[in-house]
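Asks: below is the sequence, then the predicted model.
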Amino acid sequence: MSRAVIIGTGSALPRRVLSNAELEEMVETTDEWITTRTGIKTRHIAGAGEETSLLASRAAANALAMAGLSAAEIDMIVVGTISCEKTMPSCACLVQKELGAVNAFAFDVNAACSGFLYSLDIADKYLRHNPSLKVLVIGAENLSARTNWQDRNTCVLFGDGAGACVVTGGGEGRGLLASQLYADGRLWELLHMDSARSLNPDLAGSASEGPFIRMSGRDVFRYAVRAMADAIGSVLRKEEVGIEEIALVVPHQANIRILKSLAEHLGLPFEKVYVNVHKYGNTSAATVPIALDEANREGRLRNGDLLLITTFGGGFTWGAALIRW
Ligand SMILES: CC(C)(COP(=O)(O)OP(=O)(O)OC[C@H]1O[C@@H](n2cnc3c(N)ncnc32)[C@H](O)[C@@H]1OP(=O)(O)O)[C@@H](O)C(=O)NCCC(=O)NCCS
């Protein structure tokens, strides 16, 4: 059976780097608190000309260059995002225009920090039916535009950026071997972001002030570790693969302590967990494709390696995928 095979990766980060020292001037916090509680040292903040769709397009162009494909050869564009500069059209349509990917159909997926994994899973389902398709799967966010910069509980955690993969169909045991997605909408209040205030006077009262990210950090932490460990267990069982066979885990980058705890739960040496949260913070749907691109360019993904992706985010949404590189 044909499976989704990643043939190119790319990423794009805004120029402006915001350090913990600068945050100390903005809210009551310290570099020491942020570093020990989250592992984050810096994050990138988008400015003019670095809107979500433009970061997504830059990441996609880098992935296309690696794959040796032109934009016109792309059949489908899927963007995982919760922070595009427009609600309509989709970020994917803006990327299509920016790249000149005139032959692609395009749509967004809202699954918060799991947006890239959900999008990859959808692309895989298309590729099982039509292996010749060439698909751009992207995760892109501008969370700094949705952050309450007076709320120290959240503003130290997030950053902006985009990552992209070019995916096509392949066989012979390569590509996405198994994936498992989950959601639990009953827990939505633990991590959420309102839309803009309603213009319908009957509904306006229901929106709270400011479309900011709100979070119950301790609860999210607890659920995230268990959920990602369970999802990984599920895909490993599906393919009868042992954790010791895994070369690298590329998890959602939210907090170094979540990643350490996940490694412990899995019985995995921490060296096998890819980490870049110290540089970029939590870029939601973009963390996994940015990390994949970095790991790829650093030569940490070798042909035939078994790789795990896992994510957790607002919804709650979560999941895992097992990939043979
Ligand atoms: C947010 C998070 C870093 C907080 O770490 P924690 O160890 O759980 O800290 P707590 O929530 O217990 O808060 C401890 C104290 O630090 C304070 N605090 C919160 N943010 C702070 C900051 N930036 N600087 C200094 N103090 C801060 C809190 O107000 C609290 O003070 P209190 O005890 O006087 O009320 C952690 O819970 C986390 O990472 N959760 C997951 C968040 C996440 O990844 N979300 C996205 C998932 S996709």
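Replies: Everything's here; your move.
Asks: now the strands for the chain?
Replies: Using DSSP state E, the strands found in the chain span residues 3-12, 16-19, 42-45, 76-80, 105-109, 134-142, 160-170, 175-183, 191-193, 213-215, 248-251, 306-313, 317-324.
Asks: need the ones you listed in CSV with mean neighbour count, mean pLDDT and distance to Ile290, can you?
Replies: Backbone N, C-alpha and C define where each C-beta goes, glycine included. Formatted as CSV, those follow (neighbours: other C-beta atoms under 10 Å; pLDDT from 0 to 100; distance: least, C-beta to C-beta, whole Å):
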stretch, mean neighbour count, mean pLDDT, distance to Ile290
strand 3-12, 24, 97, 4
strand 16-19, 15, 98, 15
strand 42-45, 23, 98, 10
strand 76-80, 29, 98, 12
strand 105-109, 20, 98, 17
strand 134-142, 32, 98, 8
strand 160-170, 28, 97, 4
strand 175-183, 19, 97, 19
strand 191-193, 19, 93, 20
strand 213-215, 21, 91, 19
strand 248-251, 24, 98, 10
strand 306-313, 26, 98, 12
strand 317-324, 25, 98, 16
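Asks: make CSV from those and add distance to the ligand to it.
Replies: Formatted as CSV, the strands of the chain follow (distance: least, C-beta to the nearest ligand atom, whole Å):
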stretch, distance to the ligand
strand 3-12, 19
strand 16-19, 13
strand 42-45, 13
strand 76-80, 13
strand 105-109, 16
strand 134-142, 11
strand 160-170, 15
strand 175-183, 14
strand 191-193, 6
strand 213-215, 6
strand 248-251, 11
strand 306-313, 4
strand 317-324, 9
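Asks: what is the least confident helix or strand in this structure?
Replies: Within the chain, judged by mean pLDDT, DSSP states H and E, the helix or strand with the poorest mean is helix 201-204; its value is a mean of 75.
Asks: got the CA coordinates for it in CSV?
Replies: Coordinates of each C-alpha in helix 201-204 appear next as CSV, following Å, rounded to 0.1, in the frame of the first residue of the first chain:
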residue,chain,number,x,y,z
PRO,A,201,-25.5,41.9,19.4
ASP,A,202,-27.3,38.8,20.6
LEU,A,203,-24.0,36.9,20.8
ALA,A,204,-21.5,39.7,21.6
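Asks: now distance to Cys91 too, for the strands of the chain, in a markdown table please.
Replies: Listed next are those as a markdown table, based on distance: least, C-beta to C-beta, whole Å:
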| stretch | distance to Cys91 |
| --- | --- |
| strand 3-12 | 13 |
| strand 16-19 | 21 |
| strand 42-45 | 18 |
| strand 76-80 | 4 |
| strand 105-109 | 5 |
| strand 134-142 | 6 |
| strand 160-170 | 10 |
| strand 175-183 | 20 |
| strand 191-193 | 16 |
| strand 213-215 | 18 |
| strand 248-251 | 22 |
| strand 306-313 | 17 |
| strand 317-324 | 18 |
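Asks: of all the ones you listed, which lies closest to Met66?
Replies: When the strands of the chain are compared by C-beta to C-beta, strand 3-12 sits nearest Met66, at 3.7 Å.
Asks: what's the domain layout of the chain?
Replies: 3-172, 176-324 (automatic domain parsing).
Asks: most tightly packed of the ones you listed?
Replies: Burial of the domains of the chain is given as mean neighbour count (mean count of other C-beta atoms under 10 Å); domain 3-172 ranks first at a mean of 21.
Asks: tell me how far that domain lies from the chain's centre.
Replies: 7 Å (C-alpha atoms, centre = their mean, to the nearest Å).
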